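[1] Next comes the sequence, and after it the predicted model I'd like to discuss.
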Amino acid sequence: PINHDVLLARVRLHLGMIQNRRELEELNQRLFVTLSEVEKSRDQLQILATAIEYSPTSIVVTDLDANIEYVNPHYCKLIGYTSDEVIGQKSAILTSAHTHPQKYVDLWTKIGQGEAWSGEFVNVTRDGVAYREEAHIAPVKDVNGQTTHYVSVQLDITARHEAEEMIKLARQNEMFLHAAIQKELLFGKMPEELLGYHIRSYTAASQIVDGDFYTLTQLGDNVFEILSGDVMGKGMTAALVGAGVKNAYREAIADLLIRGVAGVLPQPDEIINEVSVRVADKLIELGVFVTLTLVRFEQVSKQMTWV
């Protein structure tokens, strides 16, 4: 006879074993996936660790109280301390008086709020040598969003800063040179006294030297001229062209006086035409043009003539 209770128990046992085997297989599969993910994460961590170890930037990790827990080799190479000497120390061991204290206040306020901070510091190495660094500091948070550490990525920008200062100094020297060129070559000197006239002038140096110029020439006790010009373009070439045109104007007056009738001044249009003859070919060769205005004042006849 069949014992139904025994049979039922055996069926249940068999079904339970099948279910357990399935669950075990699923568990093994999940474990395999988990181990694969762990292996992948470990590989990624190894890649990240290698990148940090050989990074040309300094990397520092501190706890919430700014105690150093990790530094990479580049940091040690830069500051002159070993990792054993700095780990456990405060991150402020390299600070100097060259950095304003308010910057540190702003830094800690920012990262204390869970935000990243970027800025520049002037720190000192173990040997007391000052160096400038660009720092990017950010909080490290756990899965609950709580800050557990701070990580600082620091780039030594001393060479870049020195280059920028050299460029700035060169630019200042260039400005002084430009001002001297404009003053000595391009701007005319106003007469201290000119009977019957009140003359005032004002010039302001431009940021870039150009070819704007003027000059005042006395042709006698009662006659004087003002020549003003504008050379196309900017820079040293325009300035030198302007100086050359001024010189051509002086030579034109001298030659016309020598070739002309004694005691008779050349007319403004004659002077401008003579200047044009002297400089036109050279201006075409240089690919520039010059706009000139010549104004003559005659005291006796009360006349003003301009070209």
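    On my side now, so go ahead. No experiment lies behind these values; they were computed from the predicted model shown. Residues are numbered from 1 along each chain as shown.
[2] Strands of this structure, start to end?
    When secondary structure is read from DSSP state E, the chain shows strands at 58-62, 68-71, 117-124, 130-141, 147-156, 213-218, 223-231, 290-298, 303-306.
[3] In TSV, list these along with mean pLDDT.
    Supplementary listing: the strands of the chain in TSV, determined by pLDDT from 0 to 100:
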stretch	mean pLDDT
strand 58-62	93
strand 68-71	93
strand 117-124	91
strand 130-141	92
strand 147-156	93
strand 213-218	87
strand 223-231	90
strand 290-298	94
strand 303-306	92
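[4] so can I have a markdown table of the ones you listed showing mean neighbour count and distance to residue 244?
    In this view, the C-beta of every residue, glycine as well, is placed from N, C-alpha and C. Conversion of the strands of the chain to a markdown table gives the following (neighbours: other Cβ atoms under 10 Å; distance: least, Cβ to Cβ, whole Å):
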| stretch | mean neighbour count | distance to residue 244 |
| --- | --- | --- |
| strand 58-62 | 19 | 56 |
| strand 68-71 | 18 | 63 |
| strand 117-124 | 17 | 47 |
| strand 130-141 | 17 | 46 |
| strand 147-156 | 17 | 49 |
| strand 213-218 | 18 | 10 |
| strand 223-231 | 20 | 9 |
| strand 290-298 | 17 | 9 |
| strand 303-306 | 11 | 22 |
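[5] mind giving me JSON lines with those strands and columns for distance to residue 20?
    JSON lines is the format used below for these (distance: least, Cβ to Cβ, whole Å):
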{"stretch": "strand 58-62", "distance to residue 20": "46"}
{"stretch": "strand 68-71", "distance to residue 20": "46"}
{"stretch": "strand 117-124", "distance to residue 20": "56"}
{"stretch": "strand 130-141", "distance to residue 20": "41"}
{"stretch": "strand 147-156", "distance to residue 20": "41"}
{"stretch": "strand 213-218", "distance to residue 20": "101"}
{"stretch": "strand 223-231", "distance to residue 20": "97"}
{"stretch": "strand 290-298", "distance to residue 20": "100"}
{"stretch": "strand 303-306", "distance to residue 20": "112"}
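[6] Low-confidence regions, the stretch 151-300 of the chain specifically.
    Filtered on pLDDT under 70, the stretch 151-300 of the chain yields the residue ranges 185-186, 188, 190-193, 203-208.
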